[in-house]
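Enquirer: Sequence plus predicted model, see below.
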Amino acid sequence: MQLDNNQLHALLTFLEGSDIQELKLEGEDFRLEVRRNLPAPPPVAAPAAYAPVAMAAPVPAAPAPAAPQPPSAPPAAAAVRADLVDVTAPMVGTFYRAASPGDPPFVELGSAISVGQPVCILEAMKLMNELEAEMSGQVVEILVENGTPVEFGQVLMRVKPG
């Protein structure tokens with residue numbers, strides 16, 4: 001079974017207008033899981049929509065395509081400071097710091113960010129999903145290397161709100 005971009009978009013659009021709360025679909029080279037209206041996770045995790053995605057604040061869940069999961073577990077987080085907010089991966093994908101290889105990164109260590117500003121891109125199933133800031137603050141840690149595969153819930157960076 002093959003699923004192209006247009007079919008994926010049509011499926012997600014259909015699901016938005018339906019009462020379906022959970023869907024699992026597997027093909028030869030992909031796995032798609034869509035869940036919505038689930039209980040909110042702990043305050044440091046961020047569920048997200050499939051287009052601009054959320055950062056570190058509970059938001060109503062929307063369909064989120066998922067790519068095949070790598071066998072390794074996400075790296076364990078170091079001791080977390082209470083004054084920092086984790087920016088987590090809302091989906092499985094590849095982490096990119098810039099829009100394209102020649103462009104400057106969206107953020108650097110120490111960068112001031114504001115609500116709605118892109119902080120990175122997660123590529124999942126050939127779709128580039130911008131992760132947008134949901135709070136203003138300063139980037140104090142970037143925990144993932146450019147071009148690295150990430151898993152759902154993995155901490156990508158930490159922000160000091162402000």
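Expert: That came through, no problem. Numbering: from 1, shown residues only.
Enquirer: helix/strand/coil for residue 12?
Expert: When states are read from DSSP: H, G, I helix; E, B strand; the rest coil, the local structure at residue 12 comes out as helix.
Enquirer: cool, residue 7 as well?
Expert: Criterion first, three-state DSSP; result for residue 7: helix.
Enquirer: pLDDT score assigned to it?
Expert: Looking at residue 7, its pLDDT is 79.
Enquirer: ok, it to residue 156 distance?
Expert: Distance, residue 7 to residue 156, using C-beta to C-beta, to the nearest Å: 29 Å. In short, each C-beta sits where N, CA and C put it, glycine included.
Enquirer: Settle it for me: which of those two has more neighbours?
Expert: Neighbour totals were compared for residue 7 and residue 156, and residue 156 leads with 23 against 10 (other C-beta atoms under 10 Å).
Enquirer: Identify the residues contacting that one.
Expert: With contact taken as C-beta atoms under 8 Å, 6 or more residues apart in numbering, residue 156 is in contact with 87, 88, 89, 95, 120, 131, 142, 143, 144, 150.
Enquirer: in the one helix or strand it maps to, what counts as buried?
Expert: Residue 156 is part of strand 155-161, with elements assigned from DSSP states H and E. By neighbour count on 16 or more other C-beta atoms under 10 Å, the buried set for strand 155-161 is 155, 156, 157, 158, 159.
Enquirer: quick one: average confidence on that strand?
Expert: For strand 155-161, the per-residue pLDDT values average out at 93.
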